[in-house]
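# only geometry, no sequence info:
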């Protein structure tokens, strides 16, 4: 599993397109021509990663989007990020990662509703 201090960045060869308001999205890996569908939560995770964030920063920021985030959200977000890394949609930037156990934090003020990851 990816550690909290791991810096996650988008693969620059992946295109993101939102499918509908408050809905899912699709990722296209330009190198493999593979499409990957995202549900609403997956789309929130992708947008939260932005130009790069540590996993420890992504989890609470994603949780802030949902009024009633399930207690398993942290594990689900980490597993989803791991899956996107394995598919080369996201990458771990080892040069920018912080040591495990270092104080990490982020705040987000956007709220919405929805649950689960793909």
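Perfect, I can see it now. In this text, all values refer to a predicted model and were calculated from it rather than measured experimentally. Numbering: from 1, shown residues only.

# isn't residue 63 right up against residue 73?
Yes - taking contacts as C-beta atoms under 8 Å, residue 63 lies within contact range of residue 73: 5.6 Å. Heads up, the C-betas are built off the backbone N, CA and C, glycines and all.

# Counting neighbours, go ahead and name the busier of those two.
Between residue 63 and residue 73, counted using other C-beta atoms under 10 Å, the more crowded position is residue 73 (19 against 15).

# Enumerate every residue touching that one.
Shown in contact with residue 73 (C-beta atoms under 8 Å, 6 or more residues apart in numbering): 59, 62, 63, 66.

# again, only using 7 Å
Going by C-beta atoms under 7 Å, 6 or more residues apart in numbering, residue 73 touches residue 63.

# low-confidence ranges in the chain?
Flagging of the chain using pLDDT under 70 yields the residue ranges 22, 100-118.

# Counting neighbours, what do you get for residue 70?
If you count neighbours by other C-beta under 10 Å, residue 70 ends up with 12.

# can you check residue 14 too?
Residue 14: 21 surrounding residues under other C-beta under 10 Å.

# Give me the phi and psi for it.
Backbone torsions for residue 14, taken as degrees, to the nearest 10, come to phi -120, psi 130.

# Now do the buried residues in stretch 67-85.
Buried positions in stretch 67-85, judged by neighbour count with 16 or more other C-beta atoms under 10 Å: 69, 73, 74, 76, 77, 78, 80, 81, 82, 84, 85.
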